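Participant: What follows is a predicted structure for the sequence shown.
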Amino acid sequence: MTEKPSPGGEEQDVHRLHRLESSASGRKADRYPAGYKSAGLDISTRPDPGAPFGSVAQAGATGRKTATGPARAVRRKRRGWKSRLLGAVGILGFLMIWELMPILGIVNARFMPPASEAIVDLFRNFGLTLFWVAVWDTLKAWLIGMLIAVSAAAILGFIIGSSPFLKKFTNSTIEFMRPVPSVALIPLAVLLLGIGIESALLLIVYACFWQVLIQVLYGVADVDTVAMNTARSYGLGPIARLRYVVFPTALPYLMTGVRLAAAVALILAITAQLIIGSPGLGAEIAKAQSGGAYVSMYSLVLATGILGVLINLVMRVVERQLLSWHTSVRSEVVN
Amino acid sequence: MKILKDLFFIVTLPVLLLVAWVIWSSQSSSFFVPDWGQMTNAFSNVWTWNRIQSDLLPSVGRLFIGIVLSIVIGIIGGLLIGSFRWLRQLLEPTLEFFRAIPPTVLIPVMMLLIGIGDDMKVAVIVLGAVWPILLNTIEGVRSMDEVLSDTSHTYGITGFALVRYLILPSALPQIMAGVRQSLSIALILMVISEMFASSAGLGYLIVQFQRSFAIPEMWSGIVVLGLIGVILSFIFQAVERVLLKWYHGQRELENAA
């Protein structure tokens, strides 16, 4: 891996340190110069969970930078009720514009029904079994795809990452396979696997695998040599070293990859359902569109958005829980 | 000697995989696995200059327009929203929601609203690809170094000069991270929008081959699509290396210290 992880992320770390230096002297962070690196103990070694530079962009849709560490705590304090109120006003304003556009005749009301109708339809959906079955189908594809991709990528990543030879040997192939868009596999998936959940799984696993693999490779590369040598001199075997040295260092990176992959997996699950027709929310949207049920199409689109927001939130919580021992997360509590 | 060694590491595995495919496909009688002869045939039959002109170039053109529009809109919008705190607080939850919507579900919506022409495809690409750039630009502007911005204020730098010499450069690393994500979303949306409603284009062609069971031709389309992804990523890395040269240099110095 010749690229450096996350330019944005590291830059933010620098800012974070600046801010720390100016705001709170005597804390741990300002004893270290910006960019200080040590065995996953210092803030700046924390990979930014946002968009690590090396990670595939597809991460995309969602790989927004989440500031962690002190910056987030500072921001959260700042973000009082006033900001929440403004945010709510923003959403209301958006819904108002949507409501008014068809009523004023700017767009055809048949093709874009007012927001109120879509929202009412969404709530009606909440009472229907069929809707929840579609949601469950989508989530099932998401979950199984994630499980396969993450476990395969984690295992391969640890194996490849711990051997410099393997890493160099596979580098060109990984760099070449990574940008290949997974939707290119759609026709193949249809031919080989039919229109069931398996096709969706193929797309999800392909896209998420690279995402997580790259992160694990970065994580394993980040292991501190002093810590590793110390472990060696204390006579830790290969498995113990993996468990107590490599794994804790790589875990934050792994979680970053998992969080980015979670969003990608949802996009691909719904895309596969939309295009191939495997059961789920995407297939319902395609049905509603071709059947002319435009109101329900809009309400289903809203539902996918809500699902996306929920998955993002859950992944952030899971990440914080799993990394609660990590300095970057702990320092938030101190603040 | 070092060059030879590097070359060995770069070439060996791809060559091994290629050889494995050639041997396996010549043994296998599977309908879905074309062999070497079939593939080269398909390539020369499918990717003639005419086909490139009628299907490949328009797709790439739409992709290009979509990406450029996303970058322009994302950066300008991000600079605006990032510079005013009330605006950011007002729009942030709404933008978060839009980003969470899987971009492909917007294709049916856009088909209804704009029709199925080129406009729709470009609009879909922009609507999907603009969010990472927009949100990253906002974040980049927000997390600007306070010392630098205070210094600029003291020196009376305002207006265009402020944007050009302070805000843009300091947000650039984040913007580029956003652009990188957008590129692959744009590529996905280009393909999907053509699969949905189209009579030409790369996505249409691949699906057409699949439906008529022209397997080697379908594979050739998949390979071309993959190549576009790879080329796009290489172009991005080259541009990024030029634009962010100062940044990487700075990082190296900081890490060495």
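Facilitator: Alright, I've got the coordinates.

Participant: Could you double-check that A:Lys167 sits in contact with A:Leu217?
Facilitator: Yes. Applying Cβ atoms under 8 Å, one finds A:Lys167 in contact with A:Leu217, separated by 7.1 Å. No exception for glycine: its C-beta is placed from N, CA and C like everyone else's.

Participant: Please say which of those two ends up with more neighbours.
Facilitator: Taking neighbours as other Cβ atoms under 10 Å in any protein chain shown, A:Lys167 and A:Leu217 compare with A:Leu217 leading, 25 against 17.

Participant: Tell me the spacing between the residue nearest to the more buried one when sequence neighbours are not counted and chain B.
Facilitator: Spatially, and ignoring its direct neighbours in sequence, A:Leu217 is nearest to A:Gly161 (4.9 Å; Cβ to Cβ, 6 or more residues apart in numbering or on different chains). Per Cβ to the nearest Cβ, to the nearest Å, A:Gly161 is found 16 Å from chain B.

Participant: how much space is there between A:Val190 and A:Tyr294?
Facilitator: Counting by Cβ to Cβ, to the nearest Å, the gap from A:Val190 to A:Tyr294 is 27 Å.

Participant: Low-confidence stretches in chain B?
Facilitator: B:255-257 (pLDDT under 70).

Participant: From the centroid of it, which residue is nearest?
Facilitator: B:Leu183 (1.2 Å; Cα atoms, centre = their mean).

Participant: what packs against the helix or strand where that residue lies?
Facilitator: Secondary-structure assignment from DSSP states H and E places B:Leu183 in helix B:168-196. Under the contact criterion of 3 or more Cβ pairs under 8 Å, 6 or more residues apart in numbering or on different chains; DSSP states H and E, helix B:168-196 touches helix A:7-23, helix A:247-275, helix B:57-83, helix B:106-114, helix B:118-142, helix B:202-211, helix B:215-243.

Participant: Give me the buried stretch members for the fourth one, please.
Facilitator: Along helix B:106-114, these residues count as buried under the neighbour rule (16 or more other Cβ atoms under 10 Å in any protein chain shown): B:Leu106, B:Ile107, B:Pro108, B:Val109, B:Met110, B:Met111, B:Leu112, B:Ile114.

Participant: Quick check: which of the residues you listed are also close to chain A?
Facilitator: B:Leu106, B:Ile107, B:Pro108, B:Val109, B:Met111, B:Leu112 (Cβ under 8 Å from any Cβ of the partner chain).

Participant: okay, those residues in CSV with distance to B:Trp246 next?
Facilitator: Conversion of these to CSV gives the following (distance: Cβ to Cβ, whole Å):
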residue, distance to B:Trp246
B:Leu106, 37
B:Ile107, 40
B:Pro108, 44
B:Val109, 42
B:Met111, 44
B:Leu112, 46
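
Participant: quick check, nearest of the residues you listed to A:Tyr234?
Facilitator: Lowest distance from A:Tyr234 to these (Cβ to Cβ) belongs to B:Leu106, with 55.9 Å.

Participant: From B:Ile23, how far out is the closest one?
Facilitator: 44 Å.

Participant: for B:Leu205, same thing?
Facilitator: Distance, B:Leu205 to B:Ile23, by Cβ to Cβ: 29 Å.

Participant: More neighbours: those two, which one.
Facilitator: Between B:Leu205 and B:Ile23, B:Leu205 has the larger neighbour count (other Cβ under 10 Å), namely 25 against 12.

Participant: show me what contacts the more buried one?
Facilitator: By Cβ atoms under 8 Å, 6 or more residues apart in numbering or on different chains, the residues touching B:Leu205 are B:Val46, B:Arg51, B:Asp55, B:Gly221.

Participant: give me the subset of the residues you listed touching chain A.
Facilitator: Within those, those near chain A by Cβ under 8 Å from any Cβ are B:Gly221.

Participant: Buried ones from the contacts of B:Leu205, can you make that a PyMOL selection?
Facilitator: Typed into PyMOL, the line below selects the buried ones among these, using 16+ other Cβ under 10 Å:
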select buried, chain B and resi 46+55+221
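
Participant: Pick out whichever of the contacts of B:Leu205 sits closest to chain A.
Facilitator: B:Gly221 (7.9 Å; Cβ to the nearest Cβ).

Participant: Distance of the closest residue in space to the closest one that isn't next to it in sequence relative to B:Met111?
Facilitator: Distances taken as Cβ to Cβ, 6+ apart put B:Ile206 closest to B:Gly221, at 3.9 Å, once the chain neighbours are dropped. Noted for B:Ile206: a distance of 20 Å to B:Met111, by Cβ to Cβ.

Participant: and what of A:Leu281?
Facilitator: 18 Å.

Participant: Same check on B:Met195?
Facilitator: Taking Cβ to Cβ, one finds B:Met195 at 12 Å from B:Met111.

Participant: Repeat that for A:Gly257.
Facilitator: For A:Gly257, the distance to B:Met111 - Cβ to Cβ - is 34 Å.

Participant: Redo the helices and strands packed on helix B:168-196 as CSV? Include distance to A:Leu322.
Facilitator: Converted to CSV, those look like this (distance: least, Cβ to Cβ, whole Å):
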stretch, distance to A:Leu322
helix A:7-23, 19
helix A:247-275, 6
helix B:57-83, 31
helix B:106-114, 33
helix B:118-142, 24
helix B:202-211, 39
helix B:215-243, 31
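
Participant: Could you say which of those is packed most deeply?
Facilitator: Burial of the helices and strands packed on helix B:168-196 is given as mean neighbour count (mean count of other Cβ atoms under 10 Å in any protein chain shown); helix A:247-275 ranks first at a mean of 27.

Participant: now for that one, which elements pack on it?
Facilitator: Of the remaining helices and strands, those touching helix A:247-275 by 3+ Cβ pairs under 8 Å, 6+ apart are helix A:129-161, helix A:186-193, helix A:197-221, helix A:281-290, helix A:294-322, helix B:168-196.

Participant: Name the residues of the stretch 151-300 of chain A found near chain B, please.
Facilitator: Going by Cβ under 8 Å from any Cβ, the residues of the stretch 151-300 of chain A near chain B are A:168-173, A:176, A:178-188, A:190-192, A:263, A:266-267, A:270-271, A:274-275, A:282, A:285-286, A:289, A:294, A:297-298, A:300.

Participant: out of those, which are buried?
Facilitator: Using 16+ other Cβ under 10 Å, the buried ones in these are A:168-172, A:176, A:178-188, A:190-191, A:263, A:266-267, A:270-271, A:274-275, A:282, A:285-286, A:289, A:294, A:297-298, A:300.

Participant: Could you check the pLDDT of the closest residue to chain B within the stretch 101-250 of chain A?
Facilitator: Relative to chain B, the nearest point of the stretch 101-250 of chain A is A:Pro187 (3.5 Å; Cβ to the nearest Cβ). The model reports A:Pro187 with a pLDDT of 85.

Participant: Tell me who's in contact with the closest residue to it other than its chain neighbours.
Facilitator: Closest residue in space to A:Pro187, ignoring its immediate chain neighbours: B:Gln210 at 3.5 Å, by Cβ to Cβ, 6+ apart. By Cβ under 8 Å, 6+ apart, the contact list for B:Gln210 reads A:Pro187, A:Leu188, A:Val190, A:Leu191, B:Met218.
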